[in-house]
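> got a predicted structure plus its sequence, pasted below:
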Amino acid sequence: MISSIIADMVENKDRAHHDMGGLPAGPVDRGEHEAAFWEKRVDAIMMLLSDKQRRLLRVDELRRGIESLGPDAYDKLGYYERWIASITGILVEKGVLTQKEIDARIVQLRSRREAKP
Amino acid sequence: MSEHPHDHGHPHAAIEQTEPQGHYQYLADAVRELLIEKGVFTADEMRRAIEAMDARTPAQGARVVARAWVDPAYKARLLADGTAAVEELGIDMGPTKLVVVENTPNVHNVIVCTLCSCYPRMLLGLPPAWYKSRNYRSRTVIEPRAVLTEFGTRLPDDVDVRVHDSTADMRYLVLPMRPEGTGHMSEDELATLVTRDTMIGVAQVPSPS
C-alpha cells in the first residue's frame, strides 16, 4: 500500500509551478535594483508578524500562500506583490483582518491619495 | 502610465509629484495601517524593522569570512556549526539554521533557492533580484557552470561544482578562498575584499594585487 503510494509520487511528473529547479530557462538578468520603500515595508510586515513576540505567521505559511496563487498570478506579480497577496490571504484566513475592512481601507487610501493637491 | 486623459484642464506639475501606485501597494498600505490600528505592531516597531533591514548588509558576512581566514579554530567551528559560530560575532540567525560550505582548490560551492528565495539575509541583507529570478532558480541546479560563466566565473574542469538548494529553515553561506598575496593584510582589510557574490558563490575573491 505505502509502496504503491510512493511509486505514484515518483511517477508523477507534474510539478507545482514554483518548483522550477532544473527546468530550461534563459540567461540570468544580473541587473541590480534596490528594493523600493513599499517593498521594504512588506518585508518588514512579514518580519514583525513572524517574530518571536508575535508568531502570527510563519515562513512556511508565507510560501504556502505564494505557491497557491496560481501560475498566472505567480508569473504576473512582482516578488513583493506575491508576498503581500499571500500575507493578506493568511491574515484573513486567521481572522486577524477581514476582507471587508481591507477593501474599505483601500478605497479610503485611493481617495485620500487622489484628493492630494 | 497616465491613469487619466490629458485634456482635463489643470497643470501637470502637481500630479507628477504623485507617483502612480499599483493595487498591491494600496493593499500593502491598507494591511500595514490596519495592523497598526489593531495593535498587532506599532509604527515605531515598523520603523525599527526597516532600520534593522537596512543595517543588514554583506559586510556582516564579510566579517565572518575574514575571521575564518585569520583564525583556523574559528573556521573549524564555523564549518561545524554555522549558526553558533556567527552568533559568537553577534549575528542572530533567528529561527533558521546556517550551514557554511568551504571553497577549496578542488571544490567550488554555489547557493540557490529553487523553490523561492531563501537566502542568508542575516549575513547578506536582502537577496538581489537575480537570485529570485526564474532563470537563476531553474538553471543553477542543472547547468551551474553555464550560470557561473554568465557571472564571469570560469572554473577549471577538474574543480567540482557543488550546488546547495536552500530551504525556509536552512540557509547556506559560501566561505570563499582567501586569495594569494593577502598574507600581510589585517582582518578588517581582508573583510573589504569579500563581496556578496563571493559568498553566494557566483564569484571568487580576486587577488588584491
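Great, that's in hand. Numbering: from 1, shown residues only, chains lettered A, B, ... in the order given.
> for chain A, give me its nearest residue in chain B.
Here the residue of chain B nearest chain A is residue B:114; by C-beta to the nearest C-beta that distance is 3.0 Å. Backbone N, C-alpha and C define where each C-beta goes, glycine included.
> you'd agree that residue is in a helix?
No. Counting by DSSP: H, G, I helix; E, B strand; the rest coil, residue B:114 is not part of a helix but coil.
> can you count the residues close to it?
22 (other C-beta atoms under 10 Å in any protein chain shown).
> skipping adjacent residues, who's closest to it in space?
Take residue B:114 and drop its neighbours on the chain: the residue closest to it by C-beta to C-beta, 6 or more residues apart in numbering or on different chains is residue A:21, 3.0 Å away.
> tell me the SS of that neighbour?
coil.
> any idea how far residue B:113 is from it?
9 Å (C-beta to C-beta, to the nearest Å).
> neighbour count: the two, which is higher?
Just comparing residue A:21 and residue B:113: by other C-beta under 10 Å the higher neighbour count belongs to residue B:113, 22 against 18.
> quick one: pLDDT of the more buried one?
The per-residue pLDDT reported for residue B:113 equals 96.
> can you list the residue ranges for helices in the chain?
No chain in the question, so chain A it is. For chain A, the helices defined by DSSP state H occupy A:2-11, A:37-50, A:59-67, A:71-76, A:79-93, A:99-115.
> sorry, should have said chain B
Going by DSSP H, chain B shows helices at B:13-16, B:23-37, B:43-55, B:58-70, B:72-80, B:82-88, B:121-124, B:134-139, B:144-150, B:187-191, B:196-200.
> list the contacts of the residue nearest to residue B:114.
By C-beta atoms under 8 Å, 6 or more residues apart in numbering or on different chains, the contact set of residue A:21 is B:112, B:114-115, B:137-138, B:141-142, B:165.
> ok and the residue in chain A nearest chain B?
For chain A, C-beta to the nearest C-beta, closest residue to chain B: residue A:21, 3.0 Å.
> want to throw the helices of chain B into TSV with mean pLDDT, distance to chain A and mean neighbour count?
Putting the helices of chain B into TSV (pLDDT from 0 to 100; distance: least, C-beta to the nearest C-beta, whole Å; neighbours: other C-beta atoms under 10 Å in any protein chain shown) gives the following:
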stretch	mean pLDDT	distance to chain A	mean neighbour count
helix B:13-16	36	6	10
helix B:23-37	97	4	19
helix B:43-55	96	4	14
helix B:58-70	98	12	22
helix B:72-80	98	24	15
helix B:82-88	98	15	18
helix B:121-124	95	9	22
helix B:134-139	96	4	22
helix B:144-150	98	5	17
helix B:187-191	98	21	15
helix B:196-200	98	9	24
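> which of those sits closest to residue A:110?
Closest to residue A:110 of these is helix B:23-37 (C-beta to C-beta; 6.2 Å).
> quick one: which of the helices of chain B is nearest residue B:178?
Of all these, it is helix B:58-70 that lies closest to residue B:178, at 4.5 Å by C-beta to C-beta.
> how near is the residue nearest to residue B:114 to residue B:197?
Going from residue A:21 to residue B:197 by C-beta to C-beta gives 21 Å.
> same check, this time on residue B:43
35 Å.
> picking up where we left off before, what's the most distant pair in the contacts of residue A:21?
Greatest spacing in the contacts of residue A:21, by C-beta to C-beta: B:115 and B:142 (14.9 Å).
> more neighbours, these two?
residue B:115 (19 against 15).
> who's in contact with that one?
Counted by C-beta under 8 Å, 6+ apart, residue B:115 has contacts A:18-19, A:21, A:63, B:137, B:165, B:167.
> and what of residue B:208?
Residue B:208 sits in contact with B:179, B:181-182, B:185, B:193, where contact means C-beta under 8 Å, 6+ apart.
> out of the residues you listed, which is most surrounded?
Among the contacts of residue B:208, residue B:193 has the most neighbours (other C-beta under 10 Å), with 20 neighbours.
> okay, and for chain A, where does confidence drop off?
Low-confidence segments of chain A, defined by pLDDT under 70: A:1, A:8-13, A:117.
> quick one: residues contacting the closest residue to residue B:102 other than its chain neighbours.
Among residues not flanking residue B:102 along the chain, residue B:175 sits closest, at 4.5 Å (C-beta to C-beta, 6+ apart). Contacts for residue B:175 (C-beta under 8 Å, 6+ apart) come out as B:65, B:68, B:75, B:78-79, B:100-103, B:199.
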